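Q: just to be clear, the model below is a prediction. Sequence and coordinates:
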Amino acid sequence: MSTTRIHHHVKAPRSRVYHALIDARAVATWMVPDGMTSHVHAFDPREGGAFRISLTYDAPTEAGKTTAHTDTHHGRFVKLVPDEQVIETTEFETSDPALRGEMIITFTLSDAQDGGTDLLAVHEGLPSGVSSSDNELGWRMSLAKLSRYVESPASA
């Protein structure tokens, strides 16, 4: 089990970033690495509320964790502190023991000096079957999309 820890700066206020972390439509837009599409099956953004999301590879040559080309994961919101923190558990829906196990994802938001938001994303308990470097790359892609999403005037 490994941990991915990423510091990311967003040029938007914490309230806008926090909202994008707990809004199903926003999550479907930004929480998906390049080369994949997202489908949010269920999303109940309250402490104890559940979510279920599928990410499907655009290229037919990529192998998914759940089905031939799809990674589906489900989890629940553990802690929600408005404009400050989101903690959730998640696990892949898979029969592969190397990909099983509950993971914890924590987003912590703080004010940046430029009026934006500093975000710390921590993904703990990564199963042995998931490459740490691939996980970090996927998160960096997703967080870049989060920045574009919340920094656009349409998200205001």
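A: Structure's in. What do you need? Numbering: from 1, shown residues only.

Q: nearest the geometric middle of this protein, what residue?
A: The residue at the geometric middle of the chain, judged as the C-alpha nearest the mean C-alpha position with CA atoms, centre = their mean, is residue 31 (4.7 Å).

Q: surely it meets residue 143?
A: No - between residue 31 and residue 143 there is no contact, the gap being 9.1 Å when judged by CB atoms under 8 Å. (C-beta placed from N, C-alpha, C; glycine too.)

Q: could you list the low-pLDDT ranges of this protein?
A: Judged by pLDDT under 70, the chain has its weakly predicted residues at 155-156.

Q: contacts only, for the nearest residue to the residue nearest to the centre of the chain once chain neighbours are set aside.
A: Among residues not flanking residue 31 along the chain, residue 142 sits closest, at 5.2 Å (CB to CB, 6 or more residues apart in numbering). Residue 142 is in contact with 30, 31, 32, 33, counting by CB atoms under 8 Å, 6 or more residues apart in numbering.

Q: could you dump those residues into a markdown table with secondary structure and distance to residue 19 added?
A: Compiled in a markdown table, the contacts of residue 142 are given as follows (DSSP: H, G, I helix; E, B strand; the rest coil; distance: CB to CB, whole Å):
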| residue | secondary structure | distance to residue 19 |
| --- | --- | --- |
| 30 | helix | 12 |
| 31 | coil | 14 |
| 32 | coil | 18 |
| 33 | coil | 22 |
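
Q: tell me which of these is nearest to residue 43?
A: Comparing those against residue 43 with CB to CB places residue 31 closest, at 10.9 Å.

Q: what's the spacing between that closest one and residue 63?
A: Computed with CB to CB, to the nearest Å, the distance linking residue 31 and residue 63 is 20 Å.

Q: ok, residue 144 next?
A: Using CB to CB, residue 144 is found at 24 Å from residue 63.

Q: more neighbours: which of these two?
A: Taking neighbours as other CB atoms under 10 Å, residue 144 and residue 63 compare with residue 144 leading, 14 against 10.
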